[in-house]
Structures are given as structure tokens and as C-alpha cells.
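J.: sequence unknown, structure follows:
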């Protein structure tokens with residue numbers, strides 16, 4: 001079976017679970033470059049791969065500008081070059097550092113939540129204990145008054 005060489009916008013939207021509007025936006029940003037037949041966009045295998053990379057980059061926290069810069073560097077040569085690879089490594093290092101900071105922030109938030117929860121539970125238990133003691137005192141007072 002031969003692999004399909006061209007794709008419509010609706011085929012790509014369906015395959016990658018994105019809207020056609022998103023694909024048109026990526027085209028407007030210069031990330032995708034379909035050919036046209038009249039008003040119809042014809043996307044190539046290269047466009048399909050780029051859409052996949054755009055969406056992967058988005059999940060990894062890449063801005064569209066970073067993705068475009070990477071594509072532009074790649075387009076300078078047929079197979080990429082040292083400049084492109086070094087740029088990609090730099091971006092990946094930056095993303096990793098950002099994720100590590102987010103993980104530390106989440107761990108701190110979790111610790112703060114756990115601490116506040118423990119304080120709230122202790123305060124609630126203390127209030128419930130006092131309430132039970134008051135109810136017990138009232139019952140005893142009422143019981144003593146009935147005996148008199």
C-alpha cells in the first residue's frame with residue numbers, strides 16, 4: 001500500500017484532533033505552507049509532519065515563535081545543521097529547567113495544602129470536642145434540674 005502524499009485541511013484536522021481554524025492559523029504564522037488549487041489547500045507530507053511537530057512542541061511548552069525558528073533553521077539545509085541542533089538543545093534545556101521549577105512549585109503548593117488541611121482538621125476536631133462537651137454539660141444541667 002502506498003502512503004498518501006497530499007491531504008486536505010479536514011483530513012489533517014480529523015487525524016490530529018484539531019480544528020481547521022487552528023491549521024489555518026498555523027499557516028498564517030508561516031509554520032505550514034500548503035499549495036493551493038483555487039481556494040483549496042493541498043497539504044503535503046512535509047506539512048503533515050510539521051503539524052505533528054507543532055502539536056508536540058505545544059505539549060512541551062514551545063511557543064509558536066520557537067517552533068517557527070526551529071523550522072526556519074531546518075529549512076536552511078536539507079538535513080538540518082549544527083546551528084539548528086544547538087538551538088533545539090538550548091530550547092530543550094530551557095523547557096526542562098522550566099518544568100523542574102514547575103515541579104518544585106507544585107511540591108511546595110502541595111506541602112502548603114497539606115499543612116493547611118492538617119491545621120483545619122485539628123481546629124475542626126477541637127471545635128467538635130468543645131461542642132460535645134457543651135452539649136454534655138447542658139444535658140447534665142437539665143437532668144440535674146429535673147431531679148430537683
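T.: Structure received. Keep in mind the model is a prediction, meaning the values are calculated, not measured.

J.: can we go C-alpha only for contacts and neighbour counts from here?
T.: Noted.

J.: look up how far residue 86 lies from the residue most central in space within the chain.
T.: By C-alpha atoms, centre = their mean, the chain has its centre lying nearest to residue 59, at 5.9 Å. From residue 59 across to residue 86, the span is 21 Å (C-alpha to C-alpha, to the nearest Å).

J.: again with residue 119
T.: Distance, residue 119 to residue 86, by C-alpha to C-alpha: 50 Å.

J.: can you check residue 44 too?
T.: In terms of C-alpha to C-alpha, residue 44 sits 27 Å off from residue 86.

J.: next, the buried residues of stretch 20-33.
T.: By neighbour count on 16 or more other C-alpha atoms under 10 Å, the buried set for stretch 20-33 is 20, 23-24, 26, 31-33.

J.: wait, which of those is closest to residue 82?
T.: residue 31 (21.2 Å; C-alpha to C-alpha).

J.: now do the SS call for the closest one.
T.: Per DSSP: H, G, I helix; E, B strand; the rest coil, the secondary structure class of residue 31 is coil.

J.: and residue 61, backbone torsions?
T.: The phi/psi pair for residue 61 (degrees, to the nearest 10) reads phi 90, psi 10.

J.: what sits against the nearest residue to it once chain neighbours are set aside?
T.: In space, and not counting its chain neighbours, residue 61 is closest to residue 95: 6.9 Å by C-alpha to C-alpha, 6 or more residues apart in numbering. Residues counted as contacts of residue 95 (C-alpha atoms under 8 Å, 6 or more residues apart in numbering) are 60-62.

J.: not counting its own residues, what contacts the helix-or-strand element of the chain with minimal mean pLDDT?
T.: Ranked by mean pLDDT, DSSP states H and E, the weakest helix or strand in the chain is helix 64-75, scoring a mean of 82. For helix 64-75, contacts defined as C-alpha under 8 Å, 6+ apart pick out 30-31, 54, 57-58, 80-81, 83-84, 87-88, 91.

J.: before we move on, what about stretch 107-126?
T.: Residues contacting stretch 107-126 (C-alpha under 8 Å, 6+ apart): none.

J.: what angle sits between the longest helix belonging to the chain and helix 64-75?
T.: Longest helix in the chain, counting residues (DSSP state H): helix 82-147. Computed with axes from the mean of the first three to the mean of the last three C-alpha atoms, to 10 degrees, the direction of helix 82-147 lies at 150 degrees from that of helix 64-75.
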